[in-house]
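> Pasted the sequence and its predicted model underneath.
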Amino acid sequence: MNTNTKVRKSKGYEYWATKHNLNTMAESVIFLKEQGIKSVKQLDAYIQKAADERQNLQDKIKAIDKEMQELSATMERVHAIKKYRQYYKEYKANPSDKAFFEEHKAQITLYENALSELKKSYFKMPNSRHILDKLDKLQEKKNTLIMQEYSSSKSTMDELYRIRKNYGIYMGKEMER
């Protein structure tokens with residue numbers, strides 16, 4: 001407060017700032033007592049535990065995102081196979097027809113690539129309805145459970161960092177006395 005020019009110029013602002021700082025510190029002390037935290041090391045350990053839990057949530061979100069990307073790619077492959085199957089069947093029925101192959105080379109190649117990629121992961125053609133259901137469930141899980149927990153953990157972390165800062169300021173003043 002001594003460095004703030006507003007505080008030095010205005011008694012009312014000085015009173016408000018003092019009261020605000022005391023209330024903030026009181027909230028911090030109450031939180032520390034509720035959690036049974038009696039030292040900086042305990043507070044730092046509590047913050048680290050909360051940070052680890054938040055990192056765990058981030059890892060879960062990334063895993064769900066990765067799975068959703070894989071399912072989306074599978075869905076695109078299934079769509080390509082269904083879309084270009086007829087071209088491939090006609091090509092396989094008469095592989096010596098070079099004109100047909102040249103005309104539909106892009107579609108046939110897309111079909112073959114999609115089929116080979118799907119065979120790496122699946123024994124038989126996956127049902128697109130099941131893939132969409134899985135995608136919906138993953139999106140719902142991500143939006144409800146994990147994102148809500150993640151946003152609440154972010155506010156918790158912000159609060160813990162504020163309390164840690166207040167603790168340092170308060171303990172610094174206590175040591176000066």
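Done, it's in. Just so we're clear, the structure is a prediction, and the values are computed from it rather than from any experiment.
> looking at the protein, which helix or strand is least sure?
Lowest by mean pLDDT, DSSP states H and E among the helices and strands of the chain is helix 5-9, with a mean of 68.
> which is the next helix or strand following it?
helix 11-35 (DSSP states H and E).
> what helices or strands is that following helix leaning on?
helix 5-9, helix 147-176 (3 or more CB pairs under 8 Å, 6 or more residues apart in numbering; DSSP states H and E). C-beta coordinates here come from the backbone N, C-alpha and C atoms, glycine included.
> Quick one: distance of that helix to the chain centre.
Counting by CA atoms, centre = their mean, to the nearest Å, helix 11-35 is centred 34 Å from the centre of its parent chain.
> for it, which positions count as buried?
Buried residues in helix 11-35, counted by 16 or more other CB atoms under 10 Å: 24-25, 28, 31-32.
> Where does the prediction get shaky in this structure?
1-4, 6-8, 171-177 (pLDDT under 70).
> Kindly list the longest helix within it.
The longest helix of the chain (DSSP state H) is helix 40-93.
> Among the helices and strands packed on helix 11-35, which comes closest to Asp65?
Set against Asp65 and scored by CB to CB, the helices and strands packed on helix 11-35 come closest in helix 147-176, at 11.5 Å.
> For Gln55, give me its contacts.
With CB atoms under 8 Å, 6 or more residues apart in numbering as the criterion, no residue contacts Gln55.
> Distance-wise, check it relative to Ser96.
When distance is defined by CB to CB, to the nearest Å, Gln55 is 60 Å away from Ser96.
> repeat for Lys49
In terms of CB to CB, Lys49 sits 70 Å off from Ser96.
> These two: which has the busier surroundings?
Lys49 (11 against 6; other CB atoms under 10 Å).
> Correct me if wrong: Met147 contacts Lys60.
No: taking contacts as CB atoms under 8 Å, Met147 lies outside contact range of Lys60: 10.4 Å.
> which one of these two has more residues nearby?
Lys60 (16 against 13).
> Next, count neighbours for the closest residue in space to the more buried one that isn't next to it in sequence.
Closest residue in space to Lys60, ignoring its immediate chain neighbours: Ile146 at 5.6 Å, by CB to CB, 6 or more residues apart in numbering. When neighbours are counted by other CB under 10 Å, Ile146 registers 16.
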